[in-house]
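> how would this look folded up:
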Amino acid sequence: MEASSPLFFERYELKYLIPESMIEPISQYAETYCVLDPYSDRSPDKYYGVNNLYLDSPNYLFLERRKAGMDDRFNLRIRSYGENPVPPYFFEVKFKSRGFIKKKRAKVSGDNWADELNGIVDPTFEGEGLNSDYKNTFLRLVQAYNAGPKVYTQYKRKAYLSVYDDYARVTFDKQLRYMRKEHYDLTPVEGQMSAYDFETNYREGANIILELKCTSRMPMWMIDLIGYFNLERTSFSKYMTGVNEVIPDYYAPKLDNISPHFGK
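Next comes the predicted model:
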């Protein structure tokens, strides 16, 4: 899924926590300007599976930069789609600078997709264009920070795409689950996956993550949607929530001497 998504894009991402009862009225509002993306449209219930394997340094430096509120930061993840994911997978570097998101993703496939991450170099690999460049960026950052798998998350997503704008997107995420992972394995393990504790990690009665995504200019209809439903913007990190739940004793480094300008 999402194999046709761009390998590089820049956008703003606004997050809101809403109750499940608001999905339908917000969906109806969005449908005035949007259509379901192809993957939601093909799914019987309009939701498709999204999986992320998050990487971090041994002392959780990426996480601590986020918790410290650094203006310039990034994270590394491997994204897959479907409840039982199959290739292609996507190596993703997600940069955030002063609220603006830049994401680079490289498409990978084949049974040996994790060899380079495990230090096994494939001399027959011949990358091409942006995919090769972004894959090498991902691998360089993994090596530079000695990053490895920490947390695996899985959730169901319904997504809309604007038919009036160059890029505008509305997504609903629900049924978040996570588990600890220390190897390059993208398969969920039933019995080890845990649901997020809604009372702890969400506002009371609000267990759906709504995201509004757009380029530098927010469409007027999106501004109207925020006002009409009286939405209050919040922050929510699937990775940070997962770490706090499944790795509560992780080591937190001191950040005093860390420059916020990195990974560009």
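
> Secondary structure class of S40, three-state.
Going by DSSP: H, G, I helix; E, B strand; the rest coil, the secondary structure assigned to S40 is helix.

> Report the contact partners of it.
For S40, the contacting residues are 46-48, 157-160, by CB atoms under 8 Å, 6 or more residues apart in numbering. In this view, the C-beta of every residue, glycine as well, is placed from N, C-alpha and C.

> Apply 7 Å and report the result again.
46-48, 158-159 (CB atoms under 7 Å, 6 or more residues apart in numbering).

> Repeat that for P149.
Taking CB under 7 Å, 6+ apart as the definition, contacts of P149 comprise 53, 55, 181-184.

> could I get the contacts of S40 as JSON lines with secondary structure, neighbour count and distance to I223?
Shown next, in JSON lines, are the contacts of S40 (DSSP: H, G, I helix; E, B strand; the rest coil; neighbours: other CB atoms under 10 Å; distance: CB to CB, whole Å):
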{"residue": "K46", "secondary structure": "coil", "neighbour count": "19", "distance to I223": "25"}
{"residue": "Y47", "secondary structure": "coil", "neighbour count": "18", "distance to I223": "26"}
{"residue": "Y48", "secondary structure": "strand", "neighbour count": "21", "distance to I223": "28"}
{"residue": "K158", "secondary structure": "strand", "neighbour count": "22", "distance to I223": "22"}
{"residue": "A159", "secondary structure": "strand", "neighbour count": "23", "distance to I223": "20"}
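
> circling back: who wins for neighbours among the contacts of P149?
L55 (25 neighbours; other CB atoms under 10 Å).

> what lines up beside the helix or strand harbouring it in the sheet?
In this assignment (DSSP states H and E), L55 forms part of strand 48-56. Applying DSSP bridges, strand 48-56 is found paired with strand 72-81 (antiparallel), strand 148-162 (antiparallel).

> Noted, bye for now.
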